[in-house]
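Peer 1: I'll drop the sequence and a predicted model, then ask my questions.
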There are 2 protein chains.
Amino acid sequence: MSKAPKPGWHGCPTRYAAGIFADKWCFLVLRDVLLHGKRTYSDFYNSPEGISTNILADRLSRFEAAGMLDRQTDPRKASRVCYFPTRKARDILPVLIGMMVWSTKYDERSEAPDSFAEAYQNDPDNTIAWYEAEISRVDAEIFQAQ
Amino acid sequence: MSKAPKPGWHGCPTRYAAGIFADKWCFLVLRDVLLHGKRTYSDFYNSPEGISTNILADRLSRFEAAGMLDRQTDPRKASRVCYFPTRKARDILPVLIGMMVWSTKYDERSEAPDSFAEAYQNDPDNTIAWYEAEISRVDAEIFQAQ
DNA sequence: TGTTGTACTTGCACATTGCAAGTGAATTTT
DNA sequence: AAAATTCACTTGCAATGTGCAAGTACAACA
């Protein structure tokens, strides 16, 4: 496990957030858990970016320690583990979506449709609500199937 | 100077954004230039977080290469350099402010007043407009004083 | 002319990352 | 019941990145 966050890293809101998830791999894990319905270690591991296994383990335990992910044994299969996003993680959705809207504008090779940014600009609350519902659906499905 | 971003790092909007500024020091530089009116090397260097000089130089040149900062000699003093935020950098404001709102909620030692988050929730566009105006004011002041 | 201020670069020890391989517990297959 | 497989990690090591201290280059000032 990696070292704890520095004690003086609270206070300033930018710094606090940066201390918790300002890292390439952190963002990709958040994307996977919040937008792509991924929940298990191998789900994350098999993302196309090819995160290495030690880094993934480290980031998952950091997120758990920060109260962003809730680690539980998979109700469908006791040998497996699920990481569920907490409210604290869900509340990052607007930031993540804001980043996506920005990238859609500035990445000339973006694969996201312009309609996505448009929909968010027109009705952000509704867009967030849609993703929240998806997250709840994925989590509920896992518990239903036990 | 650090290595260029990987060629396949475009496409996915989360990944693109993560490739450009998902780093502790990147966020702090963006905070300083977008919210604290900092423009010169020593302004950034003197932030309380204590960024080291080689890392600062690296991040500034990365941001310049990514079209986020516009490097110019200071019109007030030719031996000095100014880094002005471009439109691409300004458009990150909603993301940065979203992070601050989130931190205000979850950092028990947050120094930001609750009124800040409240104001943003009530009228996000107006909050962004206020920061945009501040940025323009700082930049204009530098050119006026030449 | 020398000193100061500003923006860096360089060198080196230390920390983190990436890759490959290995571990151990719990199913699944034979 | 034994063997193979799945899953979630851990470990070792080379390569990369970071942090600190010192040094450099150039313009402005005294």
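Peer 2: Looks like it arrived, so ask away. What you see is a predicted model; the values in this text were computed from it and never measured.
Peer 1: gap between stretch A:134-145 and the chain center?
Peer 2: 16 Å (CA atoms, centre = their mean, to the nearest Å).
Peer 1: What lies in contact with that stretch?
Peer 2: Residues from elsewhere that reach stretch A:134-145 (CB atoms under 8 Å, 6 or more residues apart in numbering or on different chains): A:34, A:37, A:39, A:74-76, A:82, A:84-85, A:90. C-betas here are computed from N, CA, C, even on glycine.
Peer 1: Where does the residue nearest to residue A:14 when sequence neighbours are not counted sit, in terms of helix or strand?
Peer 2: Nearest residue to residue A:14, sequence neighbours excluded (CB to CB, 6 or more residues apart in numbering or on different chains): residue B:31, at 4.1 Å. For residue B:31, the element it lies in under DSSP states H and E is helix B:24-35.
Peer 1: just the CA coordinates of that helix, formatted as CSV?
Peer 2: The C-alpha trace of helix B:24-35 is given here as CSV (Å, rounded to 0.1, in the frame of the first residue of the first chain):
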residue,chain,number,x,y,z
LYS,B,24,-1.3,17.1,-8.5
TRP,B,25,1.0,19.9,-9.7
CYS,B,26,-1.0,20.6,-12.9
PHE,B,27,-4.1,21.2,-10.9
LEU,B,28,-2.3,23.6,-8.6
VAL,B,29,-0.9,25.5,-11.5
LEU,B,30,-4.4,25.8,-13.1
ARG,B,31,-5.8,26.9,-9.8
ASP,B,32,-3.1,29.6,-9.5
VAL,B,33,-3.5,30.9,-13.0
LEU,B,34,-7.3,30.7,-13.2
LEU,B,35,-8.4,31.6,-9.7
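Peer 1: What is the most widely separated pair among the contacts of stretch A:134-145?
Peer 2: With CB to CB as the measure, no two of the contacts of stretch A:134-145 lie farther apart than A:76 and A:90, at 22.2 Å.
Peer 1: Neighbour count for those two, which is higher?
Peer 2: residue A:90 (17 against 13; other CB atoms under 10 Å in any protein chain shown).
Peer 1: could you list every residue that touches the more buried one?
Peer 2: Counting by CB under 8 Å, 6+ apart, residue A:90 has contacts A:34, A:132, A:135.
Peer 1: wouldn't residue A:107 be in contact with residue B:11 here?
Peer 2: Yes: with contacts counted by CB atoms under 8 Å, residue A:107 reaches residue B:11, the gap being 7.4 Å.
Peer 1: more crowded one of those two?
Peer 2: residue A:107 (21 against 14).
Peer 1: residue contacts, the more buried one?
Peer 2: B:10-11, B:13, B:16.
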